[in-house]
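Peer 1: what's the 3D shape of this:
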Amino acid sequence: MNKLTVRRYAYASTIGVFAFIVAFLLGTPLDIALSPLMGGILNAIITAMIVGIGCKGVEKFGYSMIIWGIFSIPAIFTFTMGMPGAHKILIGVFTGFVMDVLFKIFKRSHIAYFIIGGIMSDVMTVLTLFAMLILNISPESVEKLSNYIVYLLPLYFVMGGLGMFLGSKIFDKRLKHLNIIKSLNE
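Peer 2: Below is the predicted model:
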């Protein structure tokens with residue numbers, strides 16, 4: 001493995017950890033007070049913005065999976081991404097995979113970041129609810145969330161899309177000129 005690849009992995013991992021910390025600190029109070037996934041209402045834009053910045057930094061297939069995979073490891077022990085459990089790693093990696101495939105299809109325009117961010121938020125929401133249902137985790141929360149899913153999905157789509165769009169714009173205006181970022185794409 002060469003130094004460039006190591007730098008890219010370190011960058012994607014740092015973005016994943018940073019996004020988790022932000023999501024945990026912003027979302028946990030709502031997750032505990034209301035139910036899993038409700039914390040996403042508060043942090044969807046900011047977390048998606050961080051992920052958007054991360055995806056712009058290394059525009060290569062697989063890096064969305066790394067970001068979300070790293071994000072999901074500490075989430076196992078928290079209410080971030082729903083009820084605690086190892087299932088979150090599969091949700092995170094699959095969400096990243098969907099993003100990577102969509103980046104291949106839609107390329108990397110700012111509008112693509114909005115669309116992919118919205119899809120990312122909805123995929124994660126649906127997979128989290130599905131995992132809770134299949135694994136019989138907190139049936140009362142599943143029932144409550146099932147009642148609100150038709151309202152949550154459009155909301156998460158817009159918030160995730162807006163966050164990724166803003167992240168891509170911030171990256172292009174403020175970060176892409178930094179030497180450390182340029183070194184990721186030599």
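
Peer 1: the strands in the chain, which residues?
Peer 2: In the chain, no strands are found when defined by DSSP state E.

Peer 1: quick one: the helices in it, in order.
Peer 2: 3-33, 39-57, 63-75, 87-106, 110-134, 139-170, 179-182 (DSSP state H).

Peer 1: for the first one, packing partners?
Peer 2: Okay, so that is helix 3-33. helix 39-57, helix 63-75 (3 or more CB pairs under 8 Å, 6 or more residues apart in numbering; DSSP states H and E). (Glycine included, C-beta is placed from N, CA and C.)

Peer 1: got the helices of the chain as a markdown table, with mean neighbour count and mean pLDDT columns?
Peer 2: As requested, the helices of the chain are exported to a markdown table (neighbours: other CB atoms under 10 Å; pLDDT from 0 to 100):
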| stretch | mean neighbour count | mean pLDDT |
| --- | --- | --- |
| helix 3-33 | 17 | 90 |
| helix 39-57 | 25 | 89 |
| helix 63-75 | 24 | 98 |
| helix 87-106 | 19 | 97 |
| helix 110-134 | 21 | 95 |
| helix 139-170 | 18 | 92 |
| helix 179-182 | 10 | 92 |
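
Peer 1: picking that back up, can I get the helices and strands packed on helix 3-33 in TSV with distance to Phe106?
Peer 2: Output for these, formatted as TSV (distance: least, CB to CB, whole Å):
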stretch	distance to Phe106
helix 39-57	12
helix 63-75	13
